[in-house]
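Asker: one predicted model, sequence on top.
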Amino acid sequence: MTLLSGKRILLVIGGGIAAYKVLDLVRRLRERGASVRAAMTKAAAEFVTPLSVASLTGGKVYDDLFSLIDEAEMGHIELSRDADLVVIAPATADLLAKLANGLANDLASTLLLATDKKVLAAPAMNLRMWLHPATQRNVTTLRKDGVLFVGPNDGDMACGEYGPGRLAEPLQIVAAIAAALESDTAIPLPAGLARGAGAANGALAGRRVVVTSGPTHEPIDPVRYIANRSSGKQGHAIARAAAEAGADVALISGPVNLPDPAGVQTKHVETAREMLSAVDAALPADIFVATAAVADWRMAETGESKLKKGGNGAPKLHLVENPDILAAIAQRNHARPKLVVGFAAETDDVLAHARKKLEAKGCDLMVANDVSAATGIMGGDTNTIHIVTREGIDSWPTLDKDEVARRLIARLARELTA
Ligand code: C5P
């Protein structure tokens with residue numbers, strides 16, 4: 001496992017001769033387990049073809065702000081936020097100037113302005129352009145705004161001059177990316193705005209809500225992992241609904257293909273143990289909702305190298321139990337959230353199992369649902385749930401996951417004040 005495993009990088013490629021080096025950068029990042037989405041400026045496409053970039057990232061390359069097809073697949077705002085870090089390489093004088101001045105007249109500059117994640121810039125340009133007071137002024141402004149920089153390096157330039165302006169080497173950029181990812185890369189909205197619509201007088205105004213969502217990935221070796229089919233849709237919808245009701249929301253998400261919900265502080269984790277420590281760090285809270293499908297087991301040990309097929313048959317995976325996050329939080333003696341909510345995803349005897357779990361884990365409310373394959377709930381957009389408490393069971397009709405989230409949040413808000 002490396003620090004980059006499972007991390008999502010949005011790479012904004014600017015138009016410069018050094019653009020060809022980002023092909024190697026993409027390769028290095030993917031070797032280390034990161035995924036890369038690329039957006040290119042029109043000028044960048046003059047230096048490297050979108051096809052080469054797409055072949056290396058293994059995905060679509062985004063280059064057009066006004067493409068209806070792109071917007072239908074993933075809107076530019078979502079694209080700018082569905083990453084752990086945004087990297088500009090090469091960061092041209094033009095891109096830096098646009099970002100320093102808040103210009104957004106193409107996809108690349110719009111992504112840079114709309115993102116809620118940190119931006120790391122790897123400048124590359126002619127040395128006179130780099131040393132020009134205008135560029136230096138922009139770099140100072142951007143540093144003040146929290147933009148991180150790697151390079152430029154001194155050296156021979158494509159234009160025949162010598163000096164600062166060369167793009168940092170791919171491995172140097174990889175190291176800067178790893179360092180940036182070590183700290184929290186989310187940029188919170190200013191206080192007051194970090195809440196959803198109608199927040200100030202919403203049912204959860206002034207309350208803190210912590211939500212877990214998605215699956216966890218438990219590594220078997222550097223390339224394989226144990227996972228499950230959870231999409232994170234229900235957990236993300238709950239975090240969003242809580243923010244819309246005015247709560248201050250922390251979402252701890254396992255690996256999912258969903259954008260971070262607006263107005264929610266989202267922390268991305270991979271394993272159950274990472275999820276538990278992120279939840280711990282996000283507490284205290286009024287409400288804790290454990291929606292995540294946490295893997296029950298992990299490997300007792302994970303080696304540095306890939307398990308090999310050999311003459312000895314299939315390897316025996318030695319598994320150990322993961323911490324139960326829900327039970328750990330529900331059974332706390334001090335600083336226990338006032339309401340602890342669990343999810344019981346079952347394939348048979350749904351209600352009986354949910355009641356047992358409510359007691360075993362010590363939570364206040366269990367949301368039970370049938371996730372047998374025929375229901376299509378895992379990964380689907382609707383959910384049929386039963387609210388199980390010590391007082392009884394409340395069965396809801398099949399609803400959109402967003403509607404389930406809104407009703408659940410409304411109910412939790414009522415319980416908090418009851
Ligand atoms: O025991 P089971 O996995 O069915 O319980 C489901 C509930 O417990 C969910 O709310 C899930 O988020 C939570 N859970 C947890 N940590 C685990 C396992 C489950 O928080 N290790």
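Answerer: Yep, that arrived.
Asker: spell out which residues of the stretch 251-400 of the chain are next to the ligand.
Answerer: Proximity of the stretch 251-400 of the chain to the ligand is assessed by Cβ under 6 Å from any ligand atom, with 272, 290-292, 294, 322, 324-326, 342-344, 357 identified as the residues in range. To be clear about C-beta, it is placed using only N, CA and C from the backbone, and glycine gets the same treatment.
Asker: how about low-confidence regions in the stretch 301-418 of the chain?
Answerer: Residues of the stretch 301-418 of the chain meeting the criterion pLDDT under 70: 377.
Asker: what comes up buried for stretch 36-55?
Answerer: Residues of stretch 36-55 classed as buried: 36-41, 43-45, 47-48, 50, 53 (neighbour count, 16 or more other Cβ atoms under 10 Å).
Asker: in strands, which of those fall?
Answerer: Applying DSSP state E to the buried residues of stretch 36-55, the entries found in strands are Val36, Arg37, Ala38, Ala39, Met40.
Asker: show me the two of these that sit farthest apart.
Answerer: Between all members of those, the longest pairwise span (Cβ to Cβ) is found for Val36 and Met40 and amounts to 12.4 Å.
Asker: mind putting the ones in strands among the buried residues of stretch 36-55 into TSV with pLDDT and distance to Val223?
Answerer: Listed next are these as TSV, based on pLDDT from 0 to 100; distance: Cβ to Cβ, whole Å:
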residue	pLDDT	distance to Val223
Val36	97	17
Arg37	95	21
Ala38	96	23
Ala39	96	27
Met40	96	29
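Asker: ok, those vs the ligand, which is closest?
Answerer: Of all those, the ligand sits closest to Arg37, with 28.5 Å by Cβ to the nearest ligand atom.
Asker: what sits against the closest one?
Answerer: Taking Cβ atoms under 8 Å, 6 or more residues apart in numbering as the contact definition, Arg37 lies against Arg8, Ile9, Leu10, Leu11, Thr57, Gly59, Lys60, Tyr62, Leu79, Asp82, Ala83.
Asker: please apply the same query to Leu204.
Answerer: Contacts of Leu204 were listed using Cβ under 8 Å, 6+ apart, and they are Ala242, Ala245, Gly246, Ala247, Asp286, Ile287, Ile409, Leu412, Ala413, Leu416.
Asker: and the residue nearest to the fourth one when sequence neighbours are not counted, which of the three is it?
Answerer: Same thing as Ala247. In space, Ala247 comes closest to Leu204 once its chain neighbours are excluded; the distance is 3.8 Å by Cβ to Cβ, 6 or more residues apart in numbering. Classification of Leu204 using DSSP: H, G, I helix; E, B strand; the rest coil returns coil.
Asker: likewise for Ala352?
Answerer: Under three-state DSSP, Ala352 falls in the helix class.
Asker: and if you look at the one 5 residues further on?
Answerer: Under the three-state scheme (three-state DSSP), the conformation of Lys357 reads as helix.
Asker: please tell me how far it sits from Leu339.
Answerer: When distances are taken as Cβ to Cβ, to the nearest Å, Lys357 and Leu339 turn out to be 16 Å apart.
Asker: go on, Glu403?
Answerer: 20 Å.
Asker: pLDDT weak spots in the stretch 51-200 of the chain?
Answerer: For the stretch 51-200 of the chain, the stretches with pLDDT under 70 are 68-74, 188-200.
Asker: residues contacting Gly102?
Answerer: Listed by Cβ under 8 Å, 6+ apart, the contact set of Gly102 reads Leu113.
Asker: how distant is the longest helix anywhere in the chain from the center of its chain?
Answerer: In the chain, assigned by DSSP state H, the helix with the most residues is helix 401-417. Taking Cα atoms, centre = their mean, to the nearest Å, the mean C-alpha location of helix 401-417 is offset from the chain mean by 24 Å.
Asker: could you list the contact residues of the stretch 101-250 of the chain toward the ligand?
Answerer: Counting by Cβ under 6 Å from any ligand atom, the residues of the stretch 101-250 of the chain that sit close to the ligand are Thr212.
Asker: looking at the stretch 101-250 of the chain, which residue is nearest the ligand?
Answerer: Checked against the ligand (Cβ to the nearest ligand atom), the nearest residue in the stretch 101-250 of the chain is Thr212, 5.7 Å away.
Asker: who does Leu251 bridge with?
Answerer: Here Leu251 shows beta-bridge partners Val211, Thr266, assigned using DSSP bridges.
Asker: wait, it sits on Asp260?
Answerer: Yes. Here Leu251 reaches Asp260: they are 7.4 Å apart, a contact under Cβ atoms under 8 Å.
Asker: the more surrounded of the two?
Answerer: Leu251 (29 against 24; other Cβ atoms under 10 Å).
Asker: in PyMOL, select just the buried ones from the contacts of Leu204.
Answerer: Buried members of these can be picked out in PyMOL with the line below, counting by 16+ other Cβ under 10 Å:
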select buried, resi 242+245+246+247+286+287+409+412+413
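Asker: okay, and Glu274 sits in which element?
Answerer: helix 272-282 (DSSP states H and E).
Asker: how about the helix or strand that comes right after that helix as CSV, C-alpha atoms only?
Answerer: Per DSSP H and E, the first helix or strand lying C-terminal to helix 272-282 is strand 287-290. What follows is strand 287-290, C-alpha atoms only, in CSV (Å, rounded to 0.1, in the frame of the first residue of the first chain):
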residue,chain,number,x,y,z
ILE,A,287,-26.2,12.4,15.8
PHE,A,288,-24.1,9.5,14.4
VAL,A,289,-25.5,7.6,11.4
ALA,A,290,-23.5,4.5,10.4
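Asker: how is the protein partitioned into domains?
Answerer: As given by automatic domain parsing, the domain ranges for the chain are 8-182, 208-417.
Asker: in CSV: those, plus distance to Thr2.
Answerer: Written out in CSV, the entries for the domains of the chain read as follows (distance: least, Cβ to Cβ, whole Å):
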stretch, distance to Thr2
domain 8-182, 5
domain 208-417, 8
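Asker: what touches both of Leu251 and Asp260?
Answerer: What both Leu251 and Asp260 touch, as defined by Cβ under 8 Å, 6+ apart, is the set Thr266.
Asker: quick check: Ile287 touching Cys363?
Answerer: No. Counting by Cβ under 8 Å, Ile287 sits too far from Cys363 to count as a contact (11.2 Å).
Asker: what sits in contact with each of the two?
Answerer: Val340, Val341.
Asker: which residue, other than its chain neighbours, is closest to Thr115?
Answerer: Going by Cβ to Cβ, 6+ apart, Thr115 has Ser80 as its nearest residue, at 4.0 Å.
Asker: residue boundaries of the helices in the stretch 101-250 of the chain?
Answerer: 107-114, 127-131, 133-144, 170-182, 233-244 (DSSP state H, counting those that start in this stretch).
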